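Novice: Pasting the sequence and the predicted model now:
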Amino acid sequence: MNERTSVSESGGMVRRYDYDDRTIVVADLGTSADDVTVDVVDGTAILVDDGEGRQREFDVPAGDVAKATITNGIVTVEVKR
């Protein structure tokens, strides 16, 4: 497993864990708002906070997105390679 940590354009912490068959990208939104949605389009995770009217984005690796979830303000995107 390889781990990389970076800061997104919006200032949030993003961690990437590379395994042989998948990559998991984890981002901390800093909020646990219930009205945040996540969608992955063309290698970009798009987070929309309807309550604040804010949108955040971060890159995810190429591959098939197995799941994208938000729990307690933590976004997890799993990509199978």
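Specialist: Arrived safely.

Novice: where are the low-confidence patches of this structure?
Specialist: 5-12, 31-33 (pLDDT under 70).

Novice: could you pull out the strands for it?
Specialist: 2-7, 13-18, 22-28, 36-41, 44-49, 54-59, 64-71, 74-80 (DSSP state E).

Novice: Quick one: those strands as CSV, columns for mean neighbour count too.
Specialist: In short, each C-beta sits where N, CA and C put it, glycine included. Conversion of the strands of the chain to CSV gives the following (neighbours: other C-beta atoms under 10 Å):
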stretch, mean neighbour count
strand 2-7, 10
strand 13-18, 16
strand 22-28, 18
strand 36-41, 14
strand 44-49, 17
strand 54-59, 15
strand 64-71, 13
strand 74-80, 18
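
Novice: Bridged to the closest residue to residue 36 other than its chain neighbours, which residues?
Specialist: Nearest in space to residue 36, with sequence neighbours left out and distances taken as C-beta to C-beta, 6 or more residues apart in numbering, is residue 49 at 4.8 Å. For residue 49, the beta-bridge partners are residue 36, residue 54 (DSSP bridges).

Novice: Give me the outermost residue of the protein relative to its centroid.
Specialist: Using C-alpha atoms, centre = their mean, the residue of the chain lying farthest from its centre is residue 20. It sits 19.4 Å away.

Novice: Who is residue 2 paired with across the strands?
Specialist: Beta-bridge pairing for residue 2 (DSSP bridges): residue 18.

Novice: My read is that it contacts residue 17, right?
Specialist: Yes - under the criterion of C-beta atoms under 8 Å, residue 2 makes contact with residue 17 at 7.3 Å.

Novice: and residue 24, what does it touch?
Specialist: 16, 17, 76, 77, 78, 79 (C-beta atoms under 8 Å, 6 or more residues apart in numbering).
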